[in-house]
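Asker: test case, fold it:
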Amino acid sequence: MPNDMKEQVKLFMIFDILGDTERTGPVIWQIKRKRLEDIKDHILDLLLMARILRNYLPDFINFDKLYDYIICHDLPEAITGDITAFEGITKEEKEKVTNVAIEYLQQRFGHVMDLKKIIMGYEERIDIEAKITKILDKISSFFAFLKYQSEQNVDMNNPHIIPSLRYHPYVDQKIKEGKDIGDIFFEFHMHDINISDKECEKYQLSRKDADKILEVIRAFANELYIQKLKGTLLDVKETFPSEGMKYNKGR
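Answerer: Here you go, the predicted structure:
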């Protein structure tokens with residue numbers, strides 16, 4: 001057991017920064033809400049989805065590895081912030097600053113956790129656990145907008161929304177079709193809930209096992225959207241016992 005925990009605490013505090021780092025998507029979409037999603041919220045969403053779905057996914061999935069990917073996949077953003085191309089930052093520049101952040105994290109904290117191995121394993125999708133993390137990441141991204149739309153905190157015509165985003169051809173077309181921002185994010189990200197035959201070969205995964213993974217995750221994703229369409233996504237508090245809530249100041 002180490003006698004000195006200074007660096008372990010410093011790494012913990014870097015993770016804590018993610019709790020004060022808002023996700024850029026809701027910010028640039030000008031979502032009007034008392035509190036927007038931060039990166040720690042996003043990480044917890046992924047962890048909860050993975051844990052809830054664990055009993056339905058194949059036994060060969062290494063959940064320790066999956067949890068490491070989820071916890072660490074956005075850690076460089078404590079240093080870089082949540083970067084989006086819609087703010088005019090190129091993919092090459094994003095990769096450059098992200099690599100600087102990863103090297104710093106590994107050099108300083110590699111003896112605590114092999115952060116570079118974990119983060120690069122995720123970025124390069126080296127195994128099925130990394131791929132599942134990315135799929136859950138997509139669900140988390142559209143879930144936030146399903147929730148914000150359900151709360152009626154979205155004004156698609158807010159003049160402060162970045163024009164390159166608001167008038168993106170895909171977004172503009174979907175709005176003309178009568179879709180709201182929740183519909184748009186759901187449809188866009190659902191395309192990425194997929195495991196190709198090439199990926200099956202890469203992960204030494206049978207098509208049957210890949211389809212089982214997708215069946216479970218898509219069922220969860222589709223139910224989120226169905227409840228948004230029915231207007232029941234936010235009704236969970238209605239069944240809470242009133243006696244248990246009598247001291248709940250946030251109800």
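
Asker: doesn't residue 250 lie inside a helix?
Answerer: No: remark: residue 250 does not belong to a helix; assigned using DSSP: H, G, I helix; E, B strand; the rest coil, it is coil.

Asker: separation between it and residue 33?
Answerer: According to Cβ to Cβ, to the nearest Å, residue 250 stands 14 Å off from residue 33. (C-beta placed from N, C-alpha, C; glycine too.)

Asker: these two: which has the busier surroundings?
Answerer: Between residue 250 and residue 33, counting by other Cβ atoms under 10 Å, residue 33 is the more crowded of the two (12 against 4).

Asker: OK, contacts around that one?
Answerer: With contacts taken as Cβ atoms under 8 Å, 6 or more residues apart in numbering, residue 33 has the following neighbours: 26, 148, 151, 153.

Asker: apply 6 Å and report the result again.
Answerer: residue 153 (Cβ atoms under 6 Å, 6 or more residues apart in numbering).

Asker: do the same with residue 143
Answerer: residue 224.

Asker: also the one 3 residues further on?
Answerer: If a contact means Cβ under 6 Å, 6+ apart, then residue 146 has 182, 224, 228 as its contacts.

Asker: and residue 41, helix, strand or coil?
Answerer: Applying three-state DSSP: residue 41 is helix.

Asker: and if you look at residue 155?
Answerer: The three-state label given to residue 155 by three-state DSSP is coil.

Asker: just the pLDDT at it, thanks.
Answerer: In this model, residue 155 is scored at 91, pLDDT.

Asker: residue 223 too?
Answerer: The model's pLDDT for residue 223 equals 98.

Asker: what is the neighbour count of it?
Answerer: For residue 223, the count of nearby residues is 11 (other Cβ under 10 Å).

Asker: please apply the same query to the one 4 residues further on.
Answerer: Other residues within reach of residue 227, judged by other Cβ under 10 Å, total 16.

Asker: list the contacts for it?
Answerer: residue 233.

Asker: what residues of whichever helix or strand it is part of count as buried?
Answerer: Applying DSSP states H and E as the criterion places residue 227 in helix 207-230. By neighbour count on 16 or more other Cβ atoms under 10 Å, the buried set for helix 207-230 is 209-210, 213-214, 216-218, 220-221, 224-225, 227-228.

Asker: what bits of the stretch 1-150 of the chain have low per-residue confidence?
Answerer: Where the stretch 1-150 of the chain drops to pLDDT under 70, the residues are 1-2.

Asker: which residues in it form helices?
Answerer: 6-17, 24-28, 39-53, 63-72, 77-80, 91-109, 115-123, 128-150 (DSSP state H, counting those that start in this stretch).

Asker: so can I have CSV of these showing distance to residue 168?
Answerer: Listed next are the helices of the stretch 1-150 of the chain as CSV, based on distance: least, Cβ to Cβ, whole Å:
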stretch, distance to residue 168
helix 6-17, 30
helix 24-28, 12
helix 39-53, 22
helix 63-72, 29
helix 77-80, 23
helix 91-109, 17
helix 115-123, 25
helix 128-150, 15
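
Asker: what's the most buried one of those helices?
Answerer: The highest mean neighbour count among these, using mean count of other Cβ atoms under 10 Å, belongs to helix 128-150: a mean of 22.

Asker: which other residues reach the helix or strand that that one is followed by?
Answerer: Scanning forward in sequence from helix 128-150 by DSSP H and E, the next helix or strand is helix 163-166. Helix 163-166 has contacts (Cβ under 6 Å, 6+ apart) with residue 86.
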